[in-house]
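Student: Predicted model and sequence follow; I will ask about them next.
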Amino acid sequence: MKLKHLESSLSSLDCSFPAPKVYLEQYNTPASLAARVVWTSKSNGDLSSDSHVVDLGCGTGMLGIACVFAMEGWCTVTAVDLDADAMEKARNNVEEMNLMENFNFVRARVRHHHPSSTGSRSDGTGDRSRKNARGKVGKGRAQRSLKYGLPSHVKNVSANINTFLGRTPLESAACHDGVPLMTGCADLVFVNPPFGTKNNHGIDMSFLAVAARLSSKAVYSFHKSSTRKYIAEVVTRDWRMGHAVVAEMRFEIPASYDFHRCKCVDVEVDLVRIWHLGGEDNKQECDETQQE
């Protein structure tokens, strides 16, 4: 299937949220965007016949459906989301396309306690320790959140992903990140995470961390371009994974909520690919990524 045919097939789907929830930062994923992201993963060899894909934060199901279309039915998808309304819409879209045999649906909440989310972000949104009126060091919002659910053995907030994200017993990893799927259960994970603009700084990294645990090969995820340097450092230095920005794009976010004053806002976004390393060649590739 060619890219234009994939986009055309997706264009018939209604990707709108039935009841968009601002605290979940729910916005539509256009057919053109879903098609190009999935096509990029296929061109890179990450999406192939018999691949198992996880669509983390699936929303109305556009990315997962695009995967099945792109592979002409030769892949399976596990769609994960917290919102029951969105999940029902995704299920309806899948049924409309006669793809139920390719899909499994899991309702779960990604817990927000990513070990590196307390660092300083290049866009200034990172929470830092700060002094209170008495001159004592206080804890930022993200630092306070670390006490909820972190494994007892994680002492360093820059812990290697091999320690924090599922190289420990699988039951522990699944319990602590909120998604009841086994480590490495998917060949490929797609993530269109919240950007962390609703008093949830770092939530995008929490999603990316879960995606890294679930994937055995690679992850494709959207992030604000202003956080590019921070994400690259966390992924390559702390997680020991490969990182590349495979596309720079603009998200057109239409007015979806009552507080929106503009009809449409453009947000600069990176499509990020991260992948698990193995062997000397991949180690060299990671070193080159870190030097960029």
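Tutor: Looks like it arrived, so ask away. This one's a predicted model, so the numbers in the text were calculated from it and none came from an experiment. Numbers count the residues shown, from 1 in each chain.
Student: neighbours around A232, how many?
Tutor: When neighbours are defined as other Cβ atoms under 10 Å, A232 has 20 of them. Heads up, the C-betas are built off the backbone N, CA and C, glycines and all.
Student: Need the nearest residue in space to it, chain neighbours excluded.
Tutor: Spatial nearest neighbour of A232, excluding adjacent residues (Cβ to Cβ, 6 or more residues apart in numbering): H243 at 5.0 Å.
Student: do you know how far the one you found is from M205?
Tutor: 13 Å (Cβ to Cβ, to the nearest Å).
Student: what is in contact with these two at once?
Tutor: Counting by Cβ atoms under 8 Å, 6 or more residues apart in numbering, the shared contacts of H243 and M205 are I231.
Student: surely C58 meets L82?
Tutor: No - using Cβ atoms under 8 Å, C58 makes no contact with L82, being 10.1 Å away.
Student: Between the two ends of stretch 219-232, what distance do you get?
Tutor: This stretch, stretch 219-232, spans 14 Å end to end (Cα to Cα, to the nearest Å).
Student: Model confidence for the nearest residue to C58 once chain neighbours are set aside, exactly?
Tutor: Spatial nearest neighbour of C58, excluding adjacent residues (Cβ to Cβ, 6+ apart): A79 at 3.9 Å. Confidence at A79, expressed as pLDDT, is 97.
Student: what packs against the host helix or strand of A79?
Tutor: According to DSSP states H and E, A79 maps onto strand 75-81. Secondary-structure packing of strand 75-81 (3 or more Cβ pairs under 8 Å, 6 or more residues apart in numbering; DSSP states H and E): strand 51-56, helix 62-70, helix 84-96, strand 103-107.
Student: Give me the below-cutoff pLDDT ranges for the protein.
Tutor: The model of the chain has pLDDT under 70 over residues 20-26, 113-175, 196-200, 251-265, 279-292.
Student: if we can go back for a sec, dump the helices and strands packed on strand 75-81 into TSV; add distance to R213 and mean neighbour count as well.
Tutor: Shown next, in TSV, are the helices and strands packed on strand 75-81 (distance: least, Cβ to Cβ, whole Å; neighbours: other Cβ atoms under 10 Å):
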stretch	distance to R213	mean neighbour count
strand 51-56	10	24
helix 62-70	19	26
helix 84-96	21	18
strand 103-107	14	16
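Student: ok, how many other residues are close to S9?
Tutor: 17.
Student: Skipping adjacent residues, who's closest to it in space?
Tutor: F69 (5.1 Å).
Student: you'd agree the one you found is up against L3?
Tutor: No - look at F69 against L3 with Cβ under 8 Å: they stay out of range, at 11.1 Å.
Student: In this structure, mark out all the helices, start to finish.
Tutor: Along the chain, the stretches classed as helices by DSSP state H are 3-11, 31-43, 62-70, 84-96, 141-145, 161-164, 170-177, 203-214, 228-233, 279-291.
Student: Show me which positions of the first one end up buried.
Tutor: Think helix 3-11. Within helix 3-11, the residues that count as buried by 16 or more other Cβ atoms under 10 Å are L3, L6, E7, S9, L10.
Student: ok so, going back, contact partners of the strand holding A79?
Tutor: With contact meaning Cβ under 8 Å, 6+ apart, strand 75-81 is reached by 47-59, 61, 64-65, 67-68, 87, 90, 94, 102-108, 179, 181, 185-186.
Student: which ones are touching T40?
Tutor: Neighbouring residues of T40 by Cβ under 8 Å, 6+ apart: Y220, V246, A247, L271.
Student: among those, who's most crowded?
Tutor: Y220 (26 neighbours).
Student: still on that earlier bit, identify whichever of the helices and strands packed on strand 75-81 lies nearest to W239.
Tutor: strand 51-56 (16.4 Å; Cβ to Cβ).
Student: Run a quick neighbour tally on the nearest residue to C185 once chain neighbours are set aside.
Tutor: Leaving aside its sequence neighbours, C185 sits nearest to L214 (Cβ to Cβ, 6+ apart; 5.8 Å). L214 has 27 neighbours, counted by other Cβ under 10 Å.
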